[in-house]
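# how does the following fold in three dimensions:
(2 chains)
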Amino acid sequence: MDAVQGYMYPNEVELQWSILIVLYPFITGLVAGAFILASLERVFNVHVVKPTYRLALLTALAFLIVAPLPLQLHLGHPERSLEMYFTPHTTSAMAMFGFVYLWYLMVVLVLEIWLDYRKDLVLAWRASRGVARWFYAVLCLGVDNISDEALRIDDKVGHTLTIIGIPSAFLLHGYVGFIFGSIKANPWWSTPLMPIVFLFSAMVSGIALVMLMYMAMSKLYRREIDVACVDKIAQYLFYAFIIDFTLEMIDLIHRVYESDESFRALDFMVHTRLFTSQIVLQIMVGTVVPLALLAVTQLFTIPSATRLRIYTVAGVLTLVGIFAMRWNVVIGGQLFSKSFLGYTTYKMQYVTREGLLPAIALLIAPFGILWLLVRLLPPWAPEPAAESGVVGKATV
Amino acid sequence: MGSRWHNYSHLIRMAALFVAGILIFLVGRSFFVPADFGVYWHYRAGALDDARARPIRFAGQAACVECHSDISDLRKTARHAKVSCESCHGALATHAAGDEPLKPTRPNGKALCVGCHTKSPSKPVAFPQIDVADHAGDNACIECHNPHAPKIS
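Numbering: from 1, shown residues only, chains lettered A, B, ... in the order given. Next comes the predicted model:
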């Protein structure tokens, strides 16, 4: 009981939401952010980031497939998740997640990826034999029409889908913030700013992830990194990060100025139990340092190789910072008593269903899925000499 | 005109797939969701009858007092006055009804006591609570305390 300090209600001593619930907003944030980056090229015509367009979509898909798994593990009985669709409870924001998720997965991501890759898939279908031929034929739905007019239509529909996709991505992650922000009994969570802060932190983490993935993939597949593209992404990361940090500071200043009855308890928590994860990891290491690094690249002329290294460090620290932010929201919100007179401790388990090990597995899983997706649907046109399967040969 | 639609054929097939998915969902829904779901509110109405049909397991305090008034009188004077008999002795409806010659098993004193009386900062200060090892060592609580009137006079 050393873990408890002061007065806790009995049901508050043990945390109900574990590291898996930290992962859930982290992963959905990466999805939303990656998609928003992809939409830059498609809708806002930022052509310089085109090399990352397909990679961003595939990254979003890989992470979206994993997004509900932490919830499934946390709740248990995955077979019951179908009930959410069969008997939807319209008054529960949590229960509506299934529909938000399905809409985003099927209507936005899968459809957009399919339309974008259709030409490649048709060419692969024509070039392949045996089982692969059947496989690609099914993916093409048996239609091999890639006439200019058909591709123009695809592009138009894809454009419309991206336009629908942007509010959908906002909805997906705004919704995650809404779940926390609408819990009025918990002053650490209850603020209408929460969905917006979640949204911008999602953009920050998604952009950072795609930037890192692009550089890593280029290294891995021995392709030249398009420095202008990474520069532009880093610039967007910088801007999004400034807005995100400003919003969080507005929230903080508002809390300090308002100083409601919960303030002293929360302030004490931030200075003690959350000090490392909030002040050190989230604000210093995960926000101020990457922002400073990105600012340096914006203000000074630095050789491109050094610049890319700075982007890598800034990107990794950004992801650490955003993960710490999710941690501080989810875990921090459960560490203090609603009496504001006591604090508890989160004791993380390791090899249990909600332990560290499954959490690590869930964080690695999207990269496995992405590896598979990249093999199946190469995000870039391969070198003429390189052999990378049938799609590789077929793509132009 | 025909060739114009030809260029849309893959989209039409995709749309058909989506419609098929929605239809499969609707058929599955009609199959899996019980007909009486939502009659009263967000649950299966028949669940009420199912719950009603389950046997009653607790006799209730009044039934205990009918026969065990001596214990009841003793408890009235003590700190456990408001703890009902079946909280410690378990559900005893069949015992009270005399349907079977059931002699209730004696509760495992120590395990039962520490459930409430282990020291915890989350409990009100006035609530009697102890560090079990320090307070009793390996001894059973009932060696010193009568659970029906726990205060040692």
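# can we go C-alpha only for contacts and neighbour counts from here?
Fine.
# report how many residues lie close to the closest residue to residue A:168 other than its chain neighbours.
In space, residue A:168 comes closest to residue A:104 once its chain neighbours are excluded; the distance is 6.4 Å by Cα to Cα, 6 or more residues apart in numbering or on different chains. Applying other Cα atoms under 10 Å in any protein chain shown, we find 23 other residues in the vicinity of residue A:104.
# could you check how far residue A:104 is from chain B?
With the distance defined as Cα to the nearest Cα, to the nearest Å, residue A:104 ends up 14 Å from chain B.
# quick check: pLDDT value at that residue.
According to the model's per-residue confidence, residue A:104 sits at a pLDDT of 90.
# now do the contacts for it.
Taking Cα atoms under 8 Å, 6 or more residues apart in numbering or on different chains, we find residue A:104 in contact with A:165, A:168-169, A:172.
# quick one, which of these are buried?
The neighbour-count criterion (16 or more other Cα atoms under 10 Å in any protein chain shown) marks A:165, A:168-169, A:172 among these as buried.
# may I see the residues you listed organised as CSV, with distance to residue A:302, secondary structure and pLDDT added?
Compiled in CSV, those are given as follows (distance: Cα to Cα, whole Å; DSSP: H, G, I helix; E, B strand; the rest coil; pLDDT from 0 to 100):
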residue, distance to residue A:302, secondary structure, pLDDT
A:165, 36, helix, 90
A:168, 38, helix, 89
A:169, 34, helix, 86
A:172, 38, helix, 84
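# ok, which pair from these is furthest apart?
Longest distance between any two of the buried ones among the contacts of residue A:104 is 10.0 Å, between A:165 and A:172; criterion Cα to Cα.
# bridging residues for the residue of the stretch 201-350 of chain A at minimum distance from chain B?
Closest approach of the stretch 201-350 of chain A to chain B (Cα to the nearest Cα) occurs at residue A:342, with a separation of 8.5 Å. Applying DSSP bridges to residue A:342 yields these beta-bridge partners: residue A:6.
# got any ranges where the chain has weak pLDDT?
Using chain A here. Using pLDDT under 70 as the threshold, the predicted model of chain A has low-confidence ranges A:1-2, A:381-396.
# meant chain B, my bad for not saying
In chain B (pLDDT under 70), the answer is B:1-3, B:100-102.
# what residues go with each domain of it?
Using automatic domain parsing, the domains assigned to chain B come out as B:2-53, B:61-143.
# just send those back as a markdown table, with mean neighbour count and distance to chain A too.
What follows is those, written out as a markdown table (neighbours: other Cα atoms under 10 Å in any protein chain shown; distance: least, Cα to the nearest Cα, whole Å):
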| stretch | mean neighbour count | distance to chain A |
| --- | --- | --- |
| domain B:2-53 | 13 | 5 |
| domain B:61-143 | 14 | 5 |
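# make a markdown table from the ones you listed and add distance to residue A:233 to it.
Shown next, in a markdown table, are those (distance: least, Cα to Cα, whole Å):
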| stretch | distance to residue A:233 |
| --- | --- |
| domain B:2-53 | 33 |
| domain B:61-143 | 50 |
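# show me where chain B has helices.
For chain B, helices defined by DSSP state H occupy the ranges B:2-6, B:9-32, B:46-53, B:61-67, B:69-76, B:85-89, B:93-97, B:109-117, B:132-136.
# quick one: closest of those helices to residue A:28.
Of all the helices of chain B, helix B:9-32 sits nearest to residue A:28, with 24.0 Å by Cα to Cα.
# which parts of stretch A:135-147 are buried?
Neighbour-count burial for stretch A:135-147, with 16+ other Cα under 10 Å as criterion, is recorded at A:135-137, A:140-141, A:143-146.
# in helices only, show me these.
Secondary structure of the buried residues of stretch A:135-147 is defined by DSSP H; positions in helices are A:135-137.
# would you list these in TSV and tack on distance to residue A:230?
Converted to TSV, those look like this (distance: Cα to Cα, whole Å):
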residue	distance to residue A:230
A:135	35
A:136	33
A:137	35
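# wait, which of these is closest to chain B?
Closest approach between those and chain B, by Cα to the nearest Cα: residue A:137, at 11.7 Å.
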